[in-house]
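In: the amino acid sequence is not available; the structure is as follows:
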């Protein structure tokens with residue numbers, strides 16, 4: 001979402017606000033995702049990197065749970081999805 005320029009932080013916060021009432025947890029990975037966590041409030045889990053996110057998810061997911069991984073390819077969060085399979 002870097003392409004949003006000056007609006008990036010506000011738009012990320014809006015994503016967190018939108019996701020929070022629809023999800024059990026909103027996982028925000030990295031410094032750039034902190035605005036998402038801020039918007040998600042108490043449902044947010046802020047983690048430093050994709051390895052930490054995969055580890056957290058492994059410890060909290062149960063069979064049948066659904067995970068949406070949304071990120072730019074530059075963030076390499078596709079590695080989280082691959083780690084969970």
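Out: Received, thanks. Just so we're clear, the structure is a prediction, and the values are computed from it rather than from any experiment. Numbering: from 1, shown residues only.
In: mind checking pLDDT for residue 80?
Out: For residue 80, the pLDDT comes out at 83.
In: got it, and residue 1?
Out: 63.
In: same check, this time on the one 3 residues further on
Out: Residue 4 is assigned 74 on the pLDDT scale.
In: now residue 28
Out: In this model, residue 28 is scored at 93, pLDDT.
In: checking it next. Helix, strand or coil?
Out: With DSSP: H, G, I helix; E, B strand; the rest coil as the basis, residue 28 sits in strand.
In: ok, it to residue 64 distance?
Out: 24 Å (Cβ to Cβ, to the nearest Å). No exception for glycine: its C-beta is placed from N, CA and C like everyone else's.
In: strands along this structure, start to end?
Out: Assigned by DSSP state E, the strands in the chain fall at 26-29, 44-47.
In: okay, the ones you listed, which one's buried deepest?
Out: Most buried of the strands of the chain by mean neighbour count (mean count of other Cβ atoms under 10 Å) is strand 26-29; its value is a mean of 25.
In: from what I see, residue 54 and residue 85 are in contact.
Out: No: counting by Cβ atoms under 8 Å, residue 54 stays clear of residue 85, with 10.7 Å between them.
In: more neighbours, these two?
Out: Looking at residue 54 and residue 85 with other Cβ atoms under 10 Å, you find the greater number of neighbours at residue 54, namely 19 against 4.
In: now for the nearest residue to the more buried one once chain neighbours are set aside, how many residues are close by?
Out: Nearest residue to residue 54, sequence neighbours excluded (Cβ to Cβ, 6 or more residues apart in numbering): residue 83, at 4.0 Å. Using other Cβ under 10 Å, residue 83 has 14 neighbouring residues.
In: again with residue 80
Out: Other residues within reach of residue 80, judged by other Cβ under 10 Å, total 24.
In: doesn't residue 50 make contact with it?
Out: Yes: between residue 80 and residue 50 there is a contact under Cβ under 8 Å: 5.1 Å.
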